[in-house]
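1. Below are the sequence and a predicted model; questions follow.
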Amino acid sequence: MQLPSLLRETAPTLFAAVIKRGEEFELVRRPPGLRKRAHKACFANAMNVVMARDGLRYAEGFALMSVAWLHHAWVVDGDNHAIEVTWEPPGLRYFGVTLTPTEAAQRITHPDGRWGSCFDVPVKGRLRRH
């Protein structure tokens, strides 16, 4: 899969990780009992879900929403399918890397206790955090 070069310029750390070990994930419907979470809180939403439910992994990378690729986080099930927990409607495509809940928790927690991206990503141009 080829990602737009804009992503390399706006998110070099994440882009490098995704290109090196990322994969595309097929989206499936949210399973029963897993609800949509808070808007514009994808990193915390995905982390909260993987910490609360066994068998899910945290994923971060780029998701195609309408016409733009956005820096985003979602969860991945045991069959390696993307499950959207933030956007409604969901993205069109998902390309990223997975982390175990322990790996994600070690990287995602900021000194002030809030959760954010697992990657140090500057936000420029059309790339936004969702």
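-> Sure, I can see it.

2. Any stretches of the chain with poor pLDDT?
-> Low-confidence segments of the chain (pLDDT under 70): 1, 108-116, 118-130.

3. now the strands for it?
-> Using DSSP state E, the strands of the chain run over residues 23-28, 57-65, 68-76, 81-83, 93-99.

4. Of the ones you listed, give the one that comes closest to M47.
-> Set against M47 and scored by CB to CB, those come closest in strand 57-65, at 5.9 Å. Glycine gets a C-beta too; all of them are placed from N, C-alpha and C.

5. What lies in contact with that closest one?
-> Strand 57-65 is contacted from outside by 3, 7, 14, 18, 22, 25, 43, 46-47, 50, 69-76, 82, 87, 91-101, 103-104, 108, 117-119, 130, using CB atoms under 8 Å, 6 or more residues apart in numbering.

6. cool, stretch 15-26 as well?
-> Outside stretch 15-26, the residues that touch it by CB under 8 Å, 6+ apart are 1, 3, 7-8, 59, 61-62, 74, 76, 80-82, 93-97, 119.

7. Mark which of these are buried, thanks.
-> 3, 7, 59, 61-62, 74, 76, 82, 94-97, 119 (16 or more other CB atoms under 10 Å).

8. so who does W69 touch?
-> Counting by CB under 8 Å, 6+ apart, W69 has contacts 3-4, 6-7, 62-63, 127.

9. mind listing the helices for this structure?
-> 5-10, 12-21, 42-52, 101-108 (DSSP state H).

10. Pick the most buried one from the ones you listed.
-> Among the helices of the chain, helix 42-52 has the highest mean neighbour count (mean count of other CB atoms under 10 Å), at a mean of 21.
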